[in-house]
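Participant: Starting from these lines, generate the structure:
(chains A and B)
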2 protein chains.
Amino acid sequence: MLDRVSDYDVFLEDCPARTTLDLVGDTWSVVVVSGLGAGALRYSQLRERIGGISKKMLTQTLRKLEHNGLVEHRRLATAPPGVEYQLTALGTSLLGPVSVLSRWAEENTDALLEARSERSPEHALG
Amino acid sequence: MLDRVSDYDVFLEDCPARTTLDLVGDTWSVVVVSGLGAGALRYSQLRERIGGISKKMLTQTLRKLEHNGLVEHRRLATAPPGVEYQLTALGTSLLGPVSVLSRWAEENTDALLEARSERSPEHALG
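Facilitator: Numbers count the residues shown, from 1 in each chain, chains lettered A, B, ... in the order given. Below you'll find the model as predicted:
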């Protein structure tokens, strides 16, 4: 297609770009990538930045992001030894898209809550 | 905060904006919202547009989007009777953010696949 710069298309069945969307659209991924947006953070700093994230979830999310080349860590020569996380160039390129989505979520949550309160749970579909 | 236009903040524990992110970052929501981006579609047209989506998943996603005020349907006076879905104004405002995210996924899936193939499954975390 003329407006397409890649072979991937989220409208196509079994397209790997959908797996990418699963990965990067995930709420914790969005929040962790945004959290690292201002620069490298130690694990404990990142956990402080992100209210209410469990150690398990933060560890899992970092591992997933790292596995996919979006985040990298380096060991700090401190005592006690620490680990610092930062976005890779690929991760940094995701910062714009996830910020736009987070901002939309922050700005439109009232409208969504209002819509939910106005609607009955049942809806006809056909 | 100065740069904030809403009371919601995805970095805050229990912030409803996280629920919004859960909802709109979901891959099928992204694809369905994008699929309705060019205008209203009948259920069968939408299902054709989105390769590999099951009826159950499309119905569920539409119901969720409708329940949250992002999509609306109208019955068509056709024989057999049909139903047409379209984005609401709120849903249309989400089109930009999800398009940016889909486009990123399409453009960067190769890089993610490459990163995955280069990395061993085990990673130190601390």
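Participant: Cross-check the contact I'm expecting between A:V98 and A:S34.
Facilitator: Yes: judged on C-beta atoms under 8 Å, A:V98 makes contact with A:S34 at a distance of 5.8 Å. Where you see a C-beta, it was placed from the backbone N, CA and C, and this is true even at glycine.
Participant: Which one of the two is surrounded by more residues?
Facilitator: Between A:V98 and A:S34, counting by other C-beta atoms under 10 Å in any protein chain shown, A:V98 is the more crowded of the two (26 against 20).
Participant: for the more buried one, helix, strand, or coil?
Facilitator: Here A:V98 is recorded as helix under DSSP: H, G, I helix; E, B strand; the rest coil.
Participant: which ones are touching it?
Facilitator: Shown in contact with A:V98 (C-beta atoms under 8 Å, 6 or more residues apart in numbering or on different chains): A:24, A:29-30, A:33-34, B:101.
Participant: Which pLDDT value does the model give it?
Facilitator: With respect to pLDDT, A:V98 scores 94.
Participant: again with the one 4 residues further on
Facilitator: What the model reports for A:S102 is a pLDDT of 93.
Participant: Please apply the same query to A:V24.
Facilitator: pLDDT, read off for A:V24, is 89.
Participant: In what element of secondary structure is it found?
Facilitator: Assigning secondary structure by DSSP states H and E places A:V24 in helix A:16-25.
Participant: and that helix, what does it pack onto?
Facilitator: Secondary-structure packing of helix A:16-25 (3 or more C-beta pairs under 8 Å, 6 or more residues apart in numbering or on different chains; DSSP states H and E): helix A:27-35, helix A:89-118, helix B:27-35, helix B:89-118.
Participant: ok, for A:Y85, nearest residue in space, not its chain neighbours?
Facilitator: A:H73 (5.0 Å; C-beta to C-beta, 6 or more residues apart in numbering or on different chains).
Participant: and the angle for the helix or strand hosting the one you found with helix A:27-35?
Facilitator: Applying DSSP H and E as the criterion places A:H73 in strand A:71-76. Taking axes from the mean of the first three to the mean of the last three C-alpha atoms, to 10 degrees, one finds strand A:71-76 and helix A:27-35 inclined to each other by 60 degrees.
Participant: who's in contact with strand A:71-76?
Facilitator: Applying C-beta under 8 Å, 6+ apart, the contact partners of strand A:71-76 are A:32-33, A:36, A:42, A:62, A:65-66, A:81-88, A:91, B:123-126.
Participant: Thank you, goodbye.
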